[in-house]
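> sequence-free structure coming up:
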């Protein structure tokens, strides 16, 4: 532990005790699936193996899934990447809250930082254990995808192009997909509550912002990195999904249409919610502190300039003026215009381009295809 935490009498065992009992969900089976990728990845690999069997050992003259709809390969790969990245991010949650405490970036608003931080963690756990909201999200997600699938004509497509036996097999695979969607809803709830908890930092604590920190993010870059990692599943999968409408691997445009809809209806808002929403209040706090910093600099500079002007007269004290001039020169070394004061806990322009790269690529490709016609 750092000297900061040791001075306040907080030991590793106290944090260890909390994290030992920490759970992402009140349901044990959801915790198991949310903390280990092998179960869900194995389910997807079973799905892929069955589709491969239907492709290379077809039943009569049916559609060959992986051959006639090559986008399925991309979708399976994207789902596996999504699962691995989400669970990887889940494992980063304890490290972020340890860093918040050990880094000394928090100051108490009520006089007892240890007690306030313990209550902050307990509130986080209590919010995660909600019994209704995560289930509502999961079932809503299932319903949305069922409506999209029905609208895209997938049930009619299955009945028209596959034998009854294969339709039953594909229905079983659909159940596996529903399980992944259900867990996606649970992951969305965990991400929402975690982001909301990060957003509460400025309301419950005073943040120590270090404008000249080497990370150029006020010493808060771990917060920014954590939120970017929360969006990494949507960015990574979006970059894979965007290849579907580009490559034209399928007999028709069903998966291409669904890919484009997913990029803008699901991945875009989820990326915004993961990166920018949790950090907005921190951005506001950093902006306010920047204004305070600039006002303080301007006041000091003005006072010194007034001394110089007053002492530069015929009856003035040149030594006093020289001292004020030297102080002003030193003060200029911390001029906010020379050393940019950070207002985000990440580098804004590169982060925006990276976060929305799937949508940018999709728009660029469609513009190129339109101009080429």
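Nice, thanks for sending it over. Being a predicted model, the structure only gives us computed values, none of them experimental.
> quick one: low-confidence ranges for the stretch 251-373 of the chain?
314, 336-339 (pLDDT under 70).
> ranges for the strands of this structure?
106-108, 205-207 (DSSP state E).
> now do the last one: which elements does it pack against?
Identification of packing neighbours for strand 205-207 by 3 or more CB pairs under 8 Å, 6 or more residues apart in numbering; DSSP states H and E yields strand 106-108, helix 113-128, helix 268-311. All C-beta atoms are positioned from the backbone trio N, CA, C, and that covers glycine.
> list the buried ones in it?
By 16 or more other CB atoms under 10 Å, the buried positions in strand 205-207 come out as 205, 207.
> repeat that for the first one.
By neighbour count, and taking 16+ other CB under 10 Å as the criterion, the buried residues in strand 106-108 are residue 106.
> direction included, what does it pair against?
Counting by DSSP bridges, the strands paired with strand 106-108 are strand 205-207 (antiparallel).
> can you give the distance from the partner strand to the centre of its chain?
22 Å (CA atoms, centre = their mean, to the nearest Å).
> next up, phi/psi of residue 62, please.
phi -100, psi 170 (degrees, to the nearest 10).
> and it, how close does it get to residue 41?
According to CB to CB, to the nearest Å, residue 62 stands 28 Å off from residue 41.
> okay, the strands of the chain in a markdown table with mean pLDDT and distance to residue 318 next?
Below are the strands of the chain laid out as a markdown table (pLDDT from 0 to 100; distance: least, CB to CB, whole Å):
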| stretch | mean pLDDT | distance to residue 318 |
| --- | --- | --- |
| strand 106-108 | 92 | 44 |
| strand 205-207 | 92 | 44 |
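> format these as CSV; extra columns: distance to residue 327.
Below are the strands of the chain laid out as CSV (distance: least, CB to CB, whole Å):
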stretch, distance to residue 327
strand 106-108, 30
strand 205-207, 29
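> residue 129: which of these is closest?
strand 205-207 (23.0 Å; CB to CB).
> closest one to residue 149 among the strands of the chain?
By CB to CB (comparing all of the strands of the chain), the closest turns out to be strand 205-207, at 45.3 Å.
> identify the residues contacting the closest one?
Outside strand 205-207, the residues that touch it by CB atoms under 8 Å, 6 or more residues apart in numbering are 105-109, 113, 116-117, 120, 201, 220, 282, 285-286.
> which of those tops the neighbour count?
Using other CB atoms under 10 Å as the neighbour criterion, residue 220 leads the contacts of strand 205-207 with 26 neighbours.
> could you list every residue that touches that one?
105, 207, 209, 282, 286, 345.
> cool, and residue 190?
Neighbouring residues of residue 190 by CB under 8 Å, 6+ apart: 24, 25, 34, 90, 128, 134.
> so the fourth one sits against residue 31, correct?
Spelled out, that is residue 90. No: look at residue 90 against residue 31 with CB atoms under 8 Å: they stay out of range, at 10.0 Å.
> more neighbours: the two, which one.
residue 90 (20 against 16).
> nearest spatial neighbour of the more buried one, chain-adjacent residues omitted?
Leaving aside its chain neighbours, residue 90 sits nearest to residue 34 (6.0 Å; criterion: CB to CB, 6 or more residues apart in numbering).
> for residue 216, which non-adjacent residue is spatially closest?
residue 342 (6.0 Å).
> report the separation between that neighbour and residue 133.
34 Å.
> same question, residue 251
40 Å.
> ends of stretch 53-61, what's the gap?
14 Å (CA to CA, to the nearest Å).
> what average pLDDT does it get?
On average, the pLDDT along stretch 53-61 is 79.
> got the contact list for that stretch?
With CB under 8 Å, 6+ apart, stretch 53-61 has contacts from 62, 64, 65, 66, 67, 163, 165, 166, 169, 170.
> what's the ChimeraX line that selects buried ones from those residues?
Buried residues among the contacts of stretch 53-61 (16+ other CB under 10 Å), as a ChimeraX selection:
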select :62,65,66,166,169,170
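> in JSON lines: the contacts of stretch 53-61, plus distance to residue 301.
Below are those laid out as JSON lines (distance: CB to CB, whole Å):
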{"residue": "62", "distance to residue 301": "79"}
{"residue": "64", "distance to residue 301": "75"}
{"residue": "65", "distance to residue 301": "70"}
{"residue": "66", "distance to residue 301": "69"}
{"residue": "67", "distance to residue 301": "72"}
{"residue": "163", "distance to residue 301": "82"}
{"residue": "165", "distance to residue 301": "82"}
{"residue": "166", "distance to residue 301": "78"}
{"residue": "169", "distance to residue 301": "76"}
{"residue": "170", "distance to residue 301": "72"}
